[in-house]
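Asker: Here's my sequence, what's the structure:
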Amino acid sequence: MNNRIPQINELFADWVDFDIAEYYIACLIGLVKFDSNYDEFRRTKGVYNSKNDVGDMLYLFLEKLADVKVLERGGDGYRWNHSFDAHWLNSELKESRK
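Answerer: From the prediction side, this is the model:
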(Lines give C-alpha, C1' and ligand atoms only; values in the text may rest on other atoms or scores of the structure.)
Protein backbone atom coordinates (compact mmCIF):
# COMPACT_ATOMS: atom_id res chain seq x y z
CA MET A 1 0.00 0.00 0.00
CA ASN A 2 1.39 3.36 -1.05
CA ASN A 3 0.70 6.05 1.55
CA ARG A 4 2.78 8.83 -0.03
CA ILE A 5 0.66 11.95 -0.14
CA PRO A 6 0.46 12.99 -3.78
CA GLN A 7 0.84 16.63 -4.78
CA ILE A 8 -2.35 18.69 -4.88
CA ASN A 9 -2.32 18.75 -8.70
CA GLU A 10 -2.19 14.94 -8.70
CA LEU A 11 -5.01 14.55 -6.18
CA PHE A 12 -7.24 16.93 -8.09
CA ALA A 13 -6.24 15.90 -11.63
CA ASP A 14 -9.87 14.96 -12.35
CA TRP A 15 -13.10 16.09 -10.71
CA VAL A 16 -13.13 15.20 -7.02
CA ASP A 17 -16.35 14.88 -5.02
CA PHE A 18 -16.78 17.43 -2.20
CA ASP A 19 -16.25 14.93 0.65
CA ILE A 20 -13.13 13.43 -0.92
CA ALA A 21 -11.83 16.94 -1.67
CA GLU A 22 -12.07 17.84 2.02
CA TYR A 23 -10.34 14.57 2.91
CA TYR A 24 -7.50 15.38 0.48
CA ILE A 25 -7.02 18.83 2.02
CA ALA A 26 -7.06 17.29 5.51
CA CYS A 27 -4.32 14.90 4.35
CA LEU A 28 -2.26 17.65 2.74
CA ILE A 29 -2.25 19.78 5.89
CA GLY A 30 -1.56 16.81 8.15
CA LEU A 31 -4.87 16.41 9.98
CA VAL A 32 -5.37 12.81 8.86
CA LYS A 33 -3.20 10.17 7.24
CA PHE A 34 -3.44 9.60 3.51
CA ASP A 35 -4.13 6.08 2.39
CA SER A 36 -4.83 5.00 -1.15
CA ASN A 37 -7.46 2.48 0.01
CA TYR A 38 -9.60 5.26 1.55
CA ASP A 39 -9.82 3.47 4.90
CA GLU A 40 -8.89 6.72 6.67
CA PHE A 41 -11.51 8.60 4.64
CA ARG A 42 -14.19 6.13 5.70
CA ARG A 43 -13.04 6.36 9.32
CA THR A 44 -13.23 10.18 9.32
CA LYS A 45 -16.12 10.71 6.86
CA GLY A 46 -18.32 12.27 9.54
CA VAL A 47 -16.03 15.29 9.61
CA TYR A 48 -16.58 16.01 5.92
CA ASN A 49 -20.32 15.56 5.61
CA SER A 50 -21.60 17.25 8.75
CA LYS A 51 -21.61 20.71 10.28
CA ASN A 52 -18.53 21.09 12.50
CA ASP A 53 -15.60 23.47 12.86
CA VAL A 54 -13.02 21.28 11.11
CA GLY A 55 -15.31 20.33 8.21
CA ASP A 56 -16.33 23.97 7.77
CA MET A 57 -12.68 25.05 7.74
CA LEU A 58 -11.80 22.44 5.10
CA TYR A 59 -14.73 23.56 2.95
CA LEU A 60 -13.71 27.23 3.24
CA PHE A 61 -10.13 26.28 2.37
CA LEU A 62 -11.35 24.56 -0.81
CA GLU A 63 -13.53 27.54 -1.68
CA LYS A 64 -10.57 29.90 -1.24
CA LEU A 65 -8.42 27.67 -3.49
CA ALA A 66 -11.17 27.97 -6.10
CA ASP A 67 -11.49 31.75 -5.57
CA VAL A 68 -7.78 32.25 -6.32
CA LYS A 69 -8.01 29.87 -9.30
CA VAL A 70 -5.80 27.07 -7.94
CA LEU A 71 -8.80 24.74 -8.23
CA GLU A 72 -11.85 24.86 -10.45
CA ARG A 73 -15.24 24.57 -8.77
CA GLY A 74 -18.07 22.67 -10.45
CA GLY A 75 -21.26 20.77 -9.79
CA ASP A 76 -19.25 17.60 -9.24
CA GLY A 77 -16.76 19.12 -6.78
CA TYR A 78 -13.29 20.46 -7.50
CA ARG A 79 -10.44 19.81 -9.89
CA TRP A 80 -6.98 21.24 -10.51
CA ASN A 81 -7.00 24.35 -12.68
CA HIS A 82 -4.56 23.37 -15.42
CA SER A 83 -4.18 27.02 -16.42
CA PHE A 84 -3.23 28.12 -12.89
CA ASP A 85 -0.29 30.51 -13.10
CA ALA A 86 1.95 30.29 -10.05
CA HIS A 87 4.53 32.81 -11.24
CA TRP A 88 4.69 34.27 -7.74
CA LEU A 89 6.11 30.98 -6.46
CA ASN A 90 9.27 31.54 -8.48
CA SER A 91 11.70 33.60 -6.39
CA GLU A 92 13.41 34.73 -9.59
CA LEU A 93 10.33 36.71 -10.57
CA LYS A 94 9.77 39.90 -8.63
CA GLU A 95 6.35 41.42 -9.08
CA SER A 96 5.24 44.37 -7.02
CA ARG A 97 1.89 44.42 -5.30
CA LYS A 98 -0.44 47.15 -6.42
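Asker: ok, the closest residue to residue 16 other than its chain neighbours - contacts?
Answerer: What sits nearest to residue 16 in space, not counting adjacent residues and going by Cβ to Cβ, 6 or more residues apart in numbering, is residue 77, at 4.9 Å. Heads up, the C-betas are built off the backbone N, CA and C, glycines and all. The neighbours of residue 77, taking Cβ atoms under 8 Å, 6 or more residues apart in numbering as the test, are 15, 16, 17, 18, 20, 21.
Asker: Tally up the residues packed near the third one, please.
Answerer: Applying the criterion other Cβ atoms under 10 Å, we find 12 residues in the vicinity of residue 17.
Asker: How about the first one?
Answerer: A count of neighbours around residue 15, defined by other Cβ under 10 Å, yields 15.
Asker: need the next SSE after the longest helix along the chain, C-terminal direction.
Answerer: Under DSSP state H, the helix in the chain containing the largest number of residues is helix 53-67. Downstream of helix 53-67, the first helix or strand assigned by DSSP states H and E is strand 71-74.
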